[in-house]
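[1] Model the following, please.
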Amino acid sequence: MVSAISIKDLHVSYYGTEAIKGVSLAVEPGNLVGIIGPNGAGKSTILKAMLNLIPSDKGEVKVLGRSIKEARKKIAYVPQRNTIDWDFPITVLDVVLIGTYPHLRLFRRPKKQEKAWALECLGRVGMQDYMKRQIGELSGGQQQRVFLARALAQNADIFFLDEPFVGVDVTSEETIVQILKELCRQGKTVIVVHHDLSKANDYFDQLILLNKELIGFGSVSQVFKPEIIEKAYKGQLAVLNETGVST
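    So this is what the prediction gives:
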């Protein structure tokens with residue numbers, strides 16, 4: 001079986017300081033994978049490097065056995081909310097329609113079929129009734145659900161989400177998690193940058209534990225152990241018990 005994502009000896013640096021050091025791993029299809037680690041560990045950096053949004057010093061990243069450029073149409077990306085211009089004059093429906101563009105022929109605009117699909121995706125995240133709203137009028141959780149709908153509209157096989165639960169309400173978080181789990185049951189692969197260790201057992205099949213270098217990778221039961229977590233957080237943890245880790 002071809003790995004959903006394969007990383008070999010990945011190194012990334014900012015202004016001469018190494019942010020990711022020699023990470024190698026392979027994620028098999030159908031897994032919901034959390035990238036966890038302390039602040040400054042390189043969680044968002046490695047996600048962006050996987051997507052070729054930032055340059056790597058060396059190393060190789062393959063998606064479904066192909067380069068990022070070759071596999072681009074198979075990939076959906078939900079960025080951090082703080083990187084998005086929420087004042088941009090675009091409606092909720094138009095945001096989701098953007099997800100259909102990778103599959104349109106050159107110079108072709110979305111038509112009835114694409115609009116129907118976009119509305120179906122909005123319905124899956126519970127946001128169809130908001131389709132005419134300007135995106136900036138929504139709450140943080142609603143905005144994140146709309147961007148997940150855009151990702152769904154891409155009909156991707158691999159989903160990357162960077163801190164999708166920051167600033168969202170409990171209902172939106174639960175909705176997003178259930179959709180991500182459903183995608184994995186369909187054989188899709190989902191990679192999520194996440195900071196709340198207390199949810200790791202409930203949310204993920206596998207964990208990538210980072211602190212610039214790879215500290216642990218595998219099933220949650222393999223990685224989510226006090227001695228392994230402590231290697232990454234190095235004294236930043238206040239409480240460590242059988243059910244989870246609190247900071």
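
[2] And the residue nearest the centre of the chain, which helix or strand is it part of?
    Note on the chain: the residue nearest the mean C-alpha position is Leu161, at 1.7 Å, using C-alpha atoms, centre = their mean. Leu161 is part of strand 158-162, with elements assigned from DSSP states H and E.

[3] Residues contacting the helix or strand that comes right after that strand, please?
    Sequence-wise, the next helix or strand downstream of strand 158-162 (DSSP H and E) is helix 170-185. Contact with helix 170-185 is made by 30-32, 124-126, 139-142, 144-145, 148, 152, 159, 161, 164-165, 168, 190, 192, 202-203, 205, as judged by C-beta atoms under 8 Å, 6 or more residues apart in numbering. Where you see a C-beta, it was placed from the backbone N, CA and C, and this is true even at glycine.

[4] just to revisit the earlier point, now the strand holding Leu161: how far from the chain's centre is it?
    With C-alpha atoms, centre = their mean, to the nearest Å as the basis, strand 158-162 stands 3 Å off its chain's centre.

[5] could you say what helices and strands it packs with?
    helix 43-50, strand 75-78, helix 140-153, helix 170-185, strand 189-193 (3 or more C-beta pairs under 8 Å, 6 or more residues apart in numbering; DSSP states H and E).

[6] Helix 140-153 and that one, what's the angle between them?
    Angle, strand 158-162 to helix 140-153, by axes from the mean of the first three to the mean of the last three C-alpha atoms, to 10 degrees: 160 degrees.

[7] outside of strand 158-162, which residues touch it?
    Outside strand 158-162, the residues touching it (C-beta under 8 Å, 6+ apart) are 4-5, 44, 47-48, 50-51, 63-64, 71, 74-80, 148, 151, 180, 183, 188-193.

[8] Narrow those to just the buried residues.
    By neighbour count, with 16 or more other C-beta atoms under 10 Å, these hold 4-5, 44, 47-48, 50-51, 63-64, 71, 74-79, 148, 151, 180, 183, 188-193 as buried.

[9] closest to Ile229 out of the helices and strands packed on strand 158-162?
    Among the helices and strands packed on strand 158-162, the nearest to Ile229 by C-beta to C-beta is helix 43-50 (14.4 Å).

[10] CA atoms only: put that closest one into CSV for me.
    Output of helix 43-50 as CSV, limited to C-alpha atoms (Å, rounded to 0.1, in the frame of the first residue of the first chain):
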residue,chain,number,x,y,z
LYS,A,43,4.1,22.0,14.6
SER,A,44,2.8,24.5,12.0
THR,A,45,6.2,24.6,10.4
ILE,A,46,6.2,20.9,9.5
LEU,A,47,2.6,21.1,8.3
LYS,A,48,3.5,24.0,5.9
ALA,A,49,6.7,22.2,4.8
MET,A,50,4.6,19.1,4.0
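
[11] Nothing else from me, thank you.
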